[in-house]
Each structure stands twice: as structure tokens, then as C-alpha cells.
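Colleague: dropping a prediction and its sequence here:
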Amino acid sequence: MIDRICISINNRCNLQCRYCHFHEKGYIEAIPMDIFEILDHVKVYAKQKFKIGFVGDGEAFLDFDKLRSYIEYIQDAPFVSAYTITNGTVDLPDDDWRFLEDHKIKVGLSVDGYKELHNLNRCNSFDKAMLTAEHFKEVTGHYPTWNATVGRESIENADKVIDFFKPFGTRVSFSRMIGKYGIPLEEYREFLLKAEASGLEVRRGGKDCTMYGGQCGAGINNYFFANGKVYFCGNCIDLPPVADSNITFEELEKMAQSLDFDRNHCYKETFVARQY
Ligand code: SF4
Ligand code: SF4
């Protein structure tokens, strides 16, 4: 059963984060993708909880009007919920923040931790991102949730990173840095345990992604739609796609591949990364 997808609504970003795997080989040309068609397929398929992340290889708020139209389009789908993640550099007018809040769209803000750490990897965007977080709180009454990538410097300054997030009182999704600046899974898992033990609300993945402390769901329950194609996940975007984005979820389910590997480890890292 597929219960989670991410949709990349654009392929453009105003940052060039040091560790961004999406754009490390340069920007690829955006291929048009009919997102309403994907949402139609979701509406037909979703008979139980189904989560859509409007997140991918670009900054969704650069195309907020489109994002708004997709959110409006799924309002009649009873089992479908959605979230989005922003890099925090595009602050929205009050009405747009209210729109997201009123439509129960969870907003995650990508901040890696304290200023020097964040700025090291994310183009000195800390001040702007934090202003956006404060504005979001002014309008909604609470901070957004946080998406923090854990790399070598985060591990070496774990207490400082954890202490940074504590005052906000909202959940943190720590994900493991991969690629050329990546850290081993074991170190990432130790970091998660430490963050949890500190009392911080930490996202723990189920069968979706080892990058969130869960198990790899590649080929089972979650897929990533971008540039007219479907991939196992966002990190598999540089592997051959699973299908074209106009595939139905019933068809996707049928072609679920029996990938034989230890799901406590990342599918891509386990085998595939070696081949490409
Ligand atoms: S904000 Fe996200 S998509 Fe944009 S460069 Fe940074 S990591 Fe990549
Ligand atoms: S292949 Fe790796 S990055 Fe993709 S869902 Fe599995 S664990 Fe996560």
C-alpha cells in the first residue's frame, strides 16, 4: 500500500547549499509534469491516510500560487493530508501563511542548527530563515517544525545543535547528510538517540527512510515525483526512474519490486550508489 509521496512542484531553487544532492551536478532542465493528474490519481487511490509532501528539488515558495492551487485541489480528498518544506528565504505575506495554517498544511523550515553551522552549508541564509520563522509564529501562534541535516559538524557539536532547537517547542526532523559530505548511519543514529534523550521532539520514521531514523521503504510505500518521472525517493533521483509521473498508484503498486536488502540500511547506498 502506498501511503506517502513527495511531489517536486518546481525545479528551481534560490540557494545552492553545499550538500544539496539535487543540484550537485548542476541544474537539470525542468521537464513539465501534470501535477493535477498526479493529484487526481491520489484522490482515486487514497482510501486511507495518505500524505503528500510538496517538497523536492526546488523551493516551492518560489511558485506559491501553484502550490496554493494544488492545496485547494485536494481539499475534497478526505484521507489526504499534506505538508511542505521551505528553505526560509521566501517569507510569505500574512494571508499566505494563514492560508497554509487554515488548510492544515504543516510547514517545515530547513535550518541545520545554530547560525555558524547553518551558514556553513546553506549559503549564509540563517538570518533570513529565522526572520521567516518569527513571522510565521507571529501569524500562526507557533513555530514551524524544523528540518535539519546532520553532518560531520553537527555530530561534533551535537549538544549545541540540540540546545539550539529546544526553545522553539516544535518537532525536529533530523536527516542524515549523504553524498560526498555524508556521515555513517551509525553516527547519525547515535545523534538521534542523544537528541531524543534530551527531551527534544524528534521525528522517527517508520518504513519510509533510514534518513529519518526509520527503515528504507524503497519500492514499498513511498515514491517521489519530479520532472515528469517517479523515483523511489528524492535521493534516488539520479538513478533510473521507476515510471513516468502519469502512472496510477494501482499500477505503481502492481509493479512494486521485491528489492532484497536489509531495510535498516539505505537502498541507494547499499547497492546502487556503487554502480552509478
Ligand atoms: S534549499 Fe534545498 S533544494 Fe535548494 S539548494 Fe538547498 S538543499 Fe538544495
Ligand atoms: S533509498 Fe535511502 S534515501 Fe531513499 S528512502 Fe531508502 S533509505 Fe531513504
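Modeller: Okay, I see it. Ligands and ions are numbered 1, 2, ... in the order given.
Colleague: helices of the stretch 101-250 of the chain, start to end?
Modeller: Per DSSP state H, counting those that start in this stretch, the stretch 101-250 of the chain carries helices over the ranges 115-121, 126-140, 152-156, 158-165, 185-197, 249-254.
Colleague: out of those helices, flag the one nearest ligand 2.
Modeller: Between ligand 2 and the helices of the stretch 101-250 of the chain, the tightest spacing by C-beta to the nearest ligand atom is seen for helix 185-197, at 9.2 Å. Glycine gets a C-beta too; all of them are placed from N, C-alpha and C.
Colleague: who touches stretch 125-143?
Modeller: With C-beta atoms under 8 Å, 6 or more residues apart in numbering as the test, stretch 125-143 has contacts from 15, 86-91, 94, 97-98, 101, 107, 109-111, 115, 118-119, 122, 144, 168-170.
Colleague: one more pass at 7 Å, please.
Modeller: 15, 87-89, 91, 94, 97-98, 101, 107, 109, 111, 115, 118-119, 144, 168-170 (C-beta atoms under 7 Å, 6 or more residues apart in numbering).
Colleague: and those, which are buried?
Modeller: 15, 87-89, 91, 97, 101, 107, 109, 111, 118, 144, 168, 170 (16 or more other C-beta atoms under 10 Å).
Colleague: with distance to ligand 1 and pLDDT added, can I get the residues you listed in TSV?
Modeller: Output for these, formatted as TSV (distance: C-beta to the nearest ligand atom, whole Å; pLDDT from 0 to 100):
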residue	distance to ligand 1	pLDDT
15	4	96
87	4	98
88	9	98
89	8	98
91	15	97
97	19	98
101	22	98
107	14	98
109	11	98
111	11	98
118	11	98
144	15	98
168	20	97
170	19	97
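Colleague: of those residues, which belong to strands?
Modeller: 107, 109 (DSSP state E).
Colleague: show me which of the buried ones among the contacts of stretch 125-143 is closest to residue 4.
Modeller: residue 107 (17.4 Å; C-beta to C-beta).
Colleague: quick one, what contacts the closest one?
Modeller: Per C-beta under 7 Å, 6+ apart, neighbours of residue 107: 84, 86, 100, 136, 144.
Colleague: leaving out the residues flanking it, which one is nearest to residue 45?
Modeller: residue 249 (3.8 Å; C-beta to C-beta, 6 or more residues apart in numbering).
Colleague: now swap in residue 19 and tell me
Modeller: With sequence-adjacent residues excluded and distances taken as C-beta to C-beta, 6+ apart, residue 19 is closest to residue 181, at 4.8 Å.
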